[in-house]
Structure formats: C-alpha cells, structure tokens
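Asker: Return atomic coordinates for the entry below.
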Amino acid sequence: MNSIKARIVRVEREGNLHVVGFEAEGISLWMMGLELPKVGIGDIVRLGFKSTSSIIAQDEFEKIGLSNRIDATVAQIIKGKLLYSVLCQTAVGVIESIMTRRAYERMDLKEGSKVRVYVKASEIAIKEVLGD
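Answerer: The predicted structure follows:
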C-alpha cells in the first residue's frame with residue numbers, strides 16, 4: 001500500500017459524492033469517493049492507494065483522464081516470475097507500482113529511468129487523519 005502525507009486544500013460535494021483536493025510537497029492530488037471522514041480544509045491526512053492502482057509511463061500524456069500525475073525516478077526493480085515491483089522515488093516519497101512482466105519488458109525500464117506515476121482519483125483514499 002502506498003502512503004502519502006498531504007494537506008486538504010479543497011472539498012467539493014454533490015449529494016453523497018465528494019471530490020477532495022490535496023497538496024503534498026508541491027504536488028496536487030485528487031480523490032473522489034462516496035464516504036469522507038470528518039475532515040476539512042487545512043487538515044493533514046495520510047492518503048493510501050494500492051500498488052496495483054499506480055500506472056507508470058515514460059512519455060507524458062497531457063490529454064488523459066487521470067487527475068494524479070507524479071514525476072518520479074525508478075529507484076529499484078524487483079523481478080518476479082509473473083509480476084514486477086517498480087519502486088519510484090518522488091517528491092512525496094517512494095511509490096510502488098506493480099506490473100506484469102510483459103508490461104515491464106515492453107517499457108524497458110531501468111533504475112534511474114525518468115517516469116511519471118499516474119493514479120485514478122477513485123483509487124486514492126484517506127487512510128488516517130493526522131490533524132491540522
């Protein structure tokens with residue numbers, strides 16, 4: 001599970017749906033969901049998302065329907081028989097992305113490769129409220 005410490009900067013609501021904006025080390029992040037713990041603008045939270053929910057790209061996609069984009073450098077690659085774990089160093093810490101061996105081979109990633117990590121807003125959740 002990936003974990004990012006962030007500050008809430010925006011909360012939008014329509015019925016039961018919430019879209020929440022965060023700032024973490026100069027990076028804007030977004031979350032959408034039906035349930036929102038008791039939080040407000042300015043609160044510090046710990047965000048979480050599964051390693052299988054992060055997508056790595058080597059080329060920038062400007063017109064893509066993913067709100068969360070984080071510049072990164074591949075720090076470590078752990079190779080398994082079917083799946084590879086790619087650990088990416090970012091301004092908000094290390095983010096792990098799990099991908100198939102075939103996807104890894106197609107991308108030809110190496111330690112030190114510059115990449116961008118993408119995460120759908122619906123995959124991010126507030127895991128812990130740390131305070132204000």
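
Asker: Roughly how far does the residue lying farthest from the centre of the chain sit from G33?
Answerer: Distance from the centre of the chain peaks at G15, with 25.6 Å (Cα atoms, centre = their mean). Applying Cβ to Cβ, to the nearest Å, the value for G15 to G33 is 12 Å. Where you see a C-beta, it was placed from the backbone N, CA and C, and this is true even at glycine.

Asker: Likewise for S122?
Answerer: Relative to G33, S122 is positioned 7 Å away (criterion: Cβ to Cβ).

Asker: Could you check which of those two has the larger neighbour count?
Answerer: Neighbours were counted for S122 and for G33 using other Cβ atoms under 10 Å; G33 has more, 16 against 13.

Asker: so who does that one touch?
Answerer: 17-18, 122, 125 (Cβ atoms under 8 Å, 6 or more residues apart in numbering).

Asker: next one: M32
Answerer: Residues near M32 by Cβ under 8 Å, 6+ apart: 17-20, 121-122.

Asker: Give the residue spans of this protein that score low on pLDDT.
Answerer: Low-confidence segments of the chain, defined by pLDDT under 70, span residues 60-62, 132.

Asker: May I have the beta-bridge partners of the most centrally placed residue in it?
Answerer: Most central residue of the chain, judged by C-alpha distance to the mean C-alpha position with Cα atoms, centre = their mean, is V119 at 4.6 Å. Under DSSP bridges, the beta-bridge partners of V119 are S54, N68.

Asker: still on that earlier bit, are any of the contacts of G33 buried, and if so which?
Answerer: Of the members of the contacts of G33, the ones counted as buried by neighbours, 16 or more other Cβ atoms under 10 Å, are 18, 125.

Asker: Looking at the contacts of G33, which is nearest S3?
Answerer: A125 (10.9 Å; Cβ to Cβ).
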